[in-house]
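> the following comprises the amino acid sequence and a computationally predicted model.
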Amino acid sequence: MGRFRRGNYVFVVWKGDHGPRHVHILRDGSLVAKWNLDGDCLMKGWASARVRRLLKSLRREGLL
């Protein structure tokens, strides 16, 4: 499992989770969005421009 905090958000990836490969994005303990890492698209919820920038940053760092 990978758990990364950026600002008010926590990005969680579980190894061996169901496909497609995705990240859960939480804020204050509640799910904000699920983001498909393979298709680079939203699966569930809502992803603001800030969340999308944070996702790009985590990918550049090699964490996702």
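Nice, thanks for sending it over. Since the structure is predicted, the reported quantities are computational estimates derived from the model, not experimental observations.

> relative to residue 59, how far out is residue 16?
Using Cβ to Cβ, to the nearest Å, residue 16 is found at 20 Å from residue 59. Every residue, glycine included, has its C-beta placed from N, CA and C.

> could you give the number of residues near the spatially closest residue to residue 9 that is not a sequence neighbour?
If the residues on either side of it in the chain are set aside, residue 9 comes closest to residue 27, at 5.4 Å by Cβ to Cβ, 6 or more residues apart in numbering. By the criterion of other Cβ atoms under 10 Å, residue 27 has 13 neighbours.

> hang on, residue 24 packs against residue 34?
Yes: using Cβ atoms under 8 Å, residue 24 is in contact with residue 34, at 5.7 Å.

> more crowded one of these two?
residue 24 (19 against 14).

> residue contacts, the more buried one?
11-14, 31, 33-34 (Cβ atoms under 8 Å, 6 or more residues apart in numbering).

> show me which of those are buried.
11, 13, 33 (16 or more other Cβ atoms under 10 Å).

> name the element the first one belongs to?
Which is residue 11. Assessed by DSSP states H and E, residue 11 sits inside strand 9-13.

> out of everything not next to it in sequence, what's closest to residue 41?
Nearest residue to residue 41, sequence neighbours excluded (Cβ to Cβ, 6+ apart): residue 35, at 7.5 Å.

> what strands line up against whatever helix or strand the one you found lives in, and which way round?
Assessed by DSSP H and E, residue 35 sits inside strand 30-36. Each strand paired with strand 30-36, and its direction, by DSSP bridges: strand 22-27 (antiparallel), strand 41-45 (antiparallel).

> got these as JSON lines, with mean pLDDT and distance to residue 52 columns?
As requested, the strands paired with strand 30-36 are exported to JSON lines (pLDDT from 0 to 100; distance: least, Cβ to Cβ, whole Å):
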{"stretch": "strand 22-27", "mean pLDDT": "97", "distance to residue 52": "10"}
{"stretch": "strand 41-45", "mean pLDDT": "97", "distance to residue 52": "9"}
